[in-house]
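# 3D, please:
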Amino acid sequence: MTDLVALRQSIAGVHNYMPTPFLSDFSLDLDGMRNNVAFHADDFHQDMIITVGAVYGEGDTLDLEEHKDCVSAAVDGAQGKIHVNAGVVGGYGMQKRMARNAEEAGADSLIVFSPFRPNQDHVKEEMVYSYIKELSETVSIGIIVFPMSDSKIWSTILEKVAVLKNVVGFLPANNDIGNRVNSLVPDRYVWLAENEDNAIRSFPHGCSAYTTAVSSLVPKASYDFWKCGIDGDEDKMMKVFKRDIEPILKIRQVKNGGISGIKIALEMLGRSGGTLRPPRTPVNQSDVDIIRGILSSHPEVRDLLT
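All right, here's what the predicted structure looks like:
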């Protein structure tokens, strides 16, 4: 039986959204995934949660077997030292299968990317509640709900699904939804923020976790930012952000620099990034030197450049 109190405690922290490495023929690089996670397990990983197979990790390009293999490789790499959170994407049948597969592969929790956009008349609260309820009954591990919509209906839905014991966290599309559900934080839910900008706005209101792409590159800086935020030291948090986080975020500002930029940076640091699966577009070759320059100026990673 999953200890849901301990689970909620374990998902408060920095959610390190890991890209999925692919080989040149677009097949999964499972050794690369395993080794990328092991890098953190063997080094700095305080209050870190590894998220794999989510949309940022190109989970929407994986078939069911690949998704399970990806999660399994991450669990192996974590060596029991880091909480592994698996993304669940797609629609009704796909999400149920992914959820079961991820649990069988050893994931500690799931983040469910909602297929609903409940801002239209035909999407009703009861419909969304029933969907999440059925999904939660598929597994015994914890579930984080990611609405992916700023509709105010989500605050009511999150209040309703609080009766589902293994729904333990939520990642609202905006701070307003989080504030509306604040009465359930932290005793019932862990409130996650999406990326640093939302974290800055959400930490003062009870948010205790945030998602980030750059933690795969600068885990210590990401931790320092999070710790200052949840400790209420806003001045120090902003100092860490300006000094250590904002410079590395410039990788994502390079044209097509989202997932592709992070993958290129990982390769430069001696880890596995690999290619992108179509139809995503890679960084222009002419911009690769910009990424190297960003890494070479950051004290946490410059000595790791290959």
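
# C-alpha only now, for contacts and for neighbours.
Will do.

# neighbours around residue 210, how many?
By the criterion of other Cα atoms under 10 Å, residue 210 has 27 neighbours.

# The helix or strand containing residue 130 packs against which elements?
In this structure, residue 130 sits in helix 125-136 according to DSSP states H and E. Under the contact criterion of 3 or more Cα pairs under 8 Å, 6 or more residues apart in numbering; DSSP states H and E, helix 125-136 touches helix 92-105, helix 153-160.

# Let me know which of those is the nearest to residue 136.
Judged by Cα to Cα, the one of the helices and strands packed on helix 125-136 that comes nearest to residue 136 is helix 92-105, at 8.9 Å.

# remind me which residues of the stretch 1-150 of the chain are low pLDDT?
Within the stretch 1-150 of the chain, the segments meeting pLDDT under 70 span 1-2, 117-123.

# any idea where the strands of it begin and end?
14-17, 48-52, 83-88, 109-113, 142-146 (DSSP state E, counting those that start in this stretch).

# Would you give the sheet partners of the longest one, along with the direction of each?
Sheet pairing of strand 83-88 (DSSP bridges) gives strand 48-52 (parallel), strand 109-113 (parallel).

# winner for burial among the ones you listed?
Of the strands paired with strand 83-88, the one with the most neighbours on average (mean count of other Cα atoms under 10 Å) is strand 48-52, at a mean of 27.

# Please save the CA atoms from stretch 204-221 in PDB.
This file holds the C-alpha atoms of stretch 204-221, laid out as PDB (Å, rounded to 0.1, in the frame of the first residue of the first chain):
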ATOM      1  CA  PRO A 204       4.100  32.900  -1.700                       C
ATOM      2  CA  HIS A 205       0.600  31.300  -1.800                       C
ATOM      3  CA  GLY A 206       1.500  27.700  -0.800                       C
ATOM      4  CA  CYS A 207       3.100  26.200  -3.900                       C
ATOM      5  CA  SER A 208       5.800  23.800  -2.800                       C
ATOM      6  CA  ALA A 209       7.100  22.400  -6.100                       C
ATOM      7  CA  TYR A 210       7.800  23.500  -9.600                       C
ATOM      8  CA  THR A 211       8.600  22.000 -13.000                       C
ATOM      9  CA  THR A 212      11.700  23.000 -15.000                       C
ATOM     10  CA  ALA A 213      13.700  21.900 -18.000                       C
ATOM     11  CA  VAL A 214      17.000  23.500 -17.000                       C
ATOM     12  CA  SER A 215      17.300  21.400 -13.800                       C
ATOM     13  CA  SER A 216      18.700  18.600 -16.100                       C
ATOM     14  CA  LEU A 217      21.600  21.100 -16.700                       C
ATOM     15  CA  VAL A 218      21.900  23.100 -13.400                       C
ATOM     16  CA  PRO A 219      20.300  21.100 -10.600                       C
ATOM     17  CA  LYS A 220      22.000  23.000  -7.800                       C
ATOM     18  CA  ALA A 221      20.800  26.300  -9.100                       C
END
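
# residue contacts, residue 199?
By Cα atoms under 8 Å, 6 or more residues apart in numbering, residue 199 lies in contact with 192, 193, 207, 209, 210, 229.

# let me redo that: residue 113
Residues near residue 113 by Cα under 8 Å, 6+ apart: 87, 88, 89, 90, 145, 146, 147, 148.

# Also residue 226?
Contact analysis of residue 226 by Cα under 8 Å, 6+ apart lists 13, 14, 209, 210, 237.

# where's it, which helix or strand?
helix 219-230.

# With just CA atoms, put whichever helix or strand comes after that helix into CSV.
Counting by DSSP H and E, the next helix or strand C-terminal to helix 219-230 is helix 234-240. Extracted C-alpha coordinates of helix 234-240, given in CSV (Å, rounded to 0.1, in the frame of the first residue of the first chain):
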residue,chain,number,x,y,z
GLU,A,234,11.9,36.5,-2.1
ASP,A,235,15.0,38.7,-2.4
LYS,A,236,17.4,35.8,-2.3
MET,A,237,15.2,33.8,-4.7
MET,A,238,15.2,36.6,-7.2
LYS,A,239,19.0,36.9,-6.8
VAL,A,240,19.4,33.2,-7.6
